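Engineer: predicted model, plus sequence, below.
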Amino acid sequence: MVNYAINKITLRQRLREYKKKPISFLLLLIVGLAALFSATALVFIIIYIIIMGVPHLTPDLFALKYNSDNVSCMPAIINTLIITVLTLIISVPFGIGSAIYLVEYAKRGNKFVKVIRTMAETLSGIPSIVYGLFGMLFFVTALHWRISLLAGAFTLAIMVLPTIMRTTEEALITVPDSYREGSFGLGAGKLRTIIKIILPSAMPGILAGIILAVGRIAGETAALLYTSGSATGTVSSIMDSGRTLAIHMYVLANEGLHTDQAWGTAVVLLILVLVINTLSAFIAKKLSSKN
């Protein structure tokens, strides 16, 4: 009853404020409609994919070996997991290390830091097809890596590096300076403070950036078509060509012969990304509560 009365009083106060400032109410209405539209569009896309794809999730679609009859997506699932892990192994250390340098070691107001941030934001807006062409010319041709998972992983690592770096930098900035001062006051050095105090406190934000990177890695097609290729089998080494789930779905839809299986693959990709993101969010929550 007390909470209900408080909420009622707060609502009356807000209504009075909106009567005095109708522009505020208009902005609130616009923002609310924008949020509703975004949520509705997202729910509609998910429901549409599920309705179109679930009826075509047959056992043949998950066969261990691909052939022209079953068009199995299992090799693509395995290749997707491999290239995701490989990309994160390459990009995460560089992204977190760059953010640590920008926040903890570089002087505030440094012009070099501003240049790095501008370049990172610029790289975030470059179309993926440009990264694919670069990967094909540099990793595939110049370094003689051929069309392989390794070339695709390095190309994707360059793509997601700005995202990981910027989100990690923002997470480190949000850590209060009092944490650093308290650690220094207890006699800890710079490196020990970063490892023991700063990074654990910023871990939820860092994992949020990694989650965004995973989503982009799993859904990328254009860059991988030029670097990792579209071979149908499961790779035996990182120097082999192999298609990911996104490329598998694109090829099936583009051929026009297995459109139903393409919808089923879309459902599998949606579930895979959801599971990875949920698992990462759970880990971030555990680390946050522990800290």
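Structural biologist: In hand now; what should we look at?
Engineer: how about the helices in the protein?
Structural biologist: Using DSSP state H, the helices of the chain run over residues 2-20, 22-53, 74-100, 111-124, 128-135, 149-173, 177-185, 190-193, 199-219, 222-227, 245-255, 259-290.
Engineer: just the CA coordinates of the fifth one, formatted as CSV?
Structural biologist: This file holds the C-alpha atoms of helix 128-135, laid out as CSV (Å, rounded to 0.1, in the frame of the first residue of the first chain):
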residue,chain,number,x,y,z
SER,A,128,32.8,-5.9,-44.3
ILE,A,129,33.4,-6.5,-48.1
VAL,A,130,36.4,-4.1,-47.8
TYR,A,131,37.8,-6.2,-45.0
GLY,A,132,37.2,-9.3,-47.2
LEU,A,133,39.1,-7.8,-50.1
PHE,A,134,42.0,-6.8,-47.8
GLY,A,135,42.1,-10.3,-46.3
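Engineer: ok so, going back, adding mean neighbour count, distance to S236 and mean pLDDT, write the helices of the chain out as a markdown table.
Structural biologist: C-betas here are computed from N, CA, C, even on glycine. Below are those laid out as a markdown table (neighbours: other C-beta atoms under 10 Å; distance: least, C-beta to C-beta, whole Å; pLDDT from 0 to 100):
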| stretch | mean neighbour count | distance to S236 | mean pLDDT |
| --- | --- | --- | --- |
| helix 2-20 | 10 | 62 | 58 |
| helix 22-53 | 11 | 29 | 87 |
| helix 74-100 | 20 | 11 | 92 |
| helix 111-124 | 13 | 33 | 82 |
| helix 128-135 | 19 | 21 | 91 |
| helix 149-173 | 24 | 10 | 91 |
| helix 177-185 | 12 | 47 | 85 |
| helix 190-193 | 14 | 40 | 86 |
| helix 199-219 | 20 | 21 | 86 |
| helix 222-227 | 24 | 18 | 90 |
| helix 245-255 | 20 | 18 | 88 |
| helix 259-290 | 16 | 22 | 81 |
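Engineer: can you put those in CSV and add distance to M239?
Structural biologist: Compiled in CSV, those are given as follows (distance: least, C-beta to C-beta, whole Å):
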stretch, distance to M239
helix 2-20, 62
helix 22-53, 33
helix 74-100, 12
helix 111-124, 27
helix 128-135, 15
helix 149-173, 6
helix 177-185, 44
helix 190-193, 36
helix 199-219, 19
helix 222-227, 12
helix 245-255, 18
helix 259-290, 24
